[in-house]
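Enquirer: fold the following for me, if possible:
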Amino acid sequence: MELSERKKKILKTIIDDYISTAMPVGSKTIAEHMGMSISSATVRNEMNELESMGYLDQPHTSAGRIPSDKAFRMYVDSLLEMTQLTAPEISFASDYYDERMVQTEAVLKAAASAISEATDYVSVVMAPRLSSVTIRHLQLVPISDNSALAVLVTDAGVIRDTPIAFNTAVTPEQLEDVSKALNNIFAGRRLTSEDLNIHSEIMQELKGQREVFSQVTDILRSHLLTSDTAFTVGGTAKLLSHPEYSDVERARDMLQLLDSGSEIGSVLKESDGVEMKVSIGSENRSSRLKDCAVVTASYKIGDRNAGTIGVIGPVRMQYDKVIKVLSYMKQSLSEVLGSSGKLIEEGSKEKENEEGKKAEI
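Expert: Model prediction:
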């Protein structure tokens, strides 16, 4: 049954008030919000009908009503009045991003913090999948006689820098040889599990460096398998500022959920490639998110879907603000990650030029 315009207006007024107060809304409050253009008795009748249609719940016999998941779904789909972020609102992102950021992890943490501060909810930011980025450079940097730092540089910036311990001593020259071999294979391409199995033809050339090469490719394979669920969380403490999480058990359950990499990772993967997705209460697959709203958006690097950003909060979420912030941040994150890759590429070219000049001298 389609709602009349009056019912829609009453429902929107109830939802707006409930989002602001977290308290059940009575007919008198609705009548006042609507400028007394309608009597409390008429509002009560309309609210009774909305309740029978599944849009409102009544927590207690004498209390006002609260919106149901069904009501919030209609609110998001057809009652929201979206506007653009203002200039002061947009400036929140620049407070967190550093112009010279090249470490992907730092960019993701900055994005998570910016989203959380702007929305006042918990934010989650998925790391770019290795299979979605182009590898620009691989370098093994000596740390000690039997250890090195494996630096993976992509068009999204420095996406991995992992320490490696070797069983025997390795010279800087050996590490340089392996770095060259890795770049001959992987530079300029995206990383897939098949790519990690094509190195057999050059193993003969590496001779004493085979162990080093194998360890590095094993690490790349491990990163490839885990990159789809790697994410950063921002604003966890903000849970406690919402009355829905004043209950210790409920707050603890949510904190455990945020610590569960596989569960949150699955939520983000479900939205992979979706421009904007809003899941309300019972629409969430995870039982621990049945009383939450989850809004996610996909971001790109170049023209490729790279990962997902999102916000988790109570069902009485400020959906308009969250959607606006995520719409802006997915564009901003794409630009910052793209700029990080360019900064690294420019730095590499400068270094190559310097080395070339030294060689000429």
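Enquirer: what segments of the stretch 1-150 of the chain are helices?
Expert: Assigned by DSSP state H, counting those that start in this stretch, the stretch 1-150 of the chain shows helices spanning 5-21, 27-33, 40-52, 69-74, 87-94, 104-119.
Enquirer: deepest-packed of those, please.
Expert: Each of the helices of the stretch 1-150 of the chain was given a mean neighbour count from mean count of other Cβ atoms under 10 Å, and the largest, a mean of 22, is that of helix 104-119. (Glycine included, C-beta is placed from N, CA and C.)
Enquirer: now that helix: mean pLDDT?
Expert: Averaged across helix 104-119, the pLDDT comes to 89.
Enquirer: about what we covered before: pick out the shakiest of the helices of the stretch 1-150 of the chain, pLDDT-wise.
Expert: helix 87-94 (a mean of 73).
Enquirer: which secondary element of this structure has the worst mean pLDDT?
Expert: None of the helices or strands of the chain scores lower by mean pLDDT, DSSP states H and E than helix 200-206, at a mean of 55.
Enquirer: before we move on, the earlier item: and the helices of the stretch 1-150 of the chain as a markdown table, adding distance to Leu175?
Expert: As requested, these are arranged in a markdown table below (distance: least, Cβ to Cβ, whole Å):
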| stretch | distance to Leu175 |
| --- | --- |
| helix 5-21 | 57 |
| helix 27-33 | 69 |
| helix 40-52 | 69 |
| helix 69-74 | 56 |
| helix 87-94 | 38 |
| helix 104-119 | 23 |
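Enquirer: out of those, flag the one nearest Asp253.
Expert: In terms of Cβ to Cβ, the element of the helices of the stretch 1-150 of the chain nearest to Asp253 is helix 69-74, at 18.8 Å.
Enquirer: from the chain's centre, how far out does the closest one sit?
Expert: Between the centre of helix 69-74 and the centre of its host chain there is 24 Å, according to Cα atoms, centre = their mean, to the nearest Å.
Enquirer: quick one: residues in contact with it.
Expert: Contacts to helix 69-74, defined as Cβ atoms under 8 Å, 6 or more residues apart in numbering, come from residues 3, 11, 14-15, 50, 54-56, 280-283, 293, 315-316, 319.
Enquirer: I'd like to know which of the residues you listed are buried.
Expert: 3, 11, 14-15, 50, 55-56, 280-281, 293, 315-316, 319 (16 or more other Cβ atoms under 10 Å).
Enquirer: starting at the chain centroid, how far to stretch 179-194?
Expert: In terms of Cα atoms, centre = their mean, the gap separating the centre of stretch 179-194 from the centre of its chain is 27 Å.
Enquirer: and for stretch 70-90?
Expert: That offset, for stretch 70-90, works out to 20 Å (Cα atoms, centre = their mean).
Enquirer: how long is it end to end?
Expert: With Cα to Cα, to the nearest Å as the measure, the first residue of stretch 70-90 is 31 Å from its last.
Enquirer: quick check: Val170 touching Ser144?
Expert: No. No contact is recorded between Val170 and Ser144 when judged using Cβ atoms under 8 Å, the distance being 9.4 Å.
Enquirer: skipping its backbone neighbours, what lies nearest Lys324 in space?
Expert: The spatial neighbour of Lys324 that comes closest, neighbours along the chain excluded (Cβ to Cβ, 6 or more residues apart in numbering), is Leu85 at 5.2 Å.
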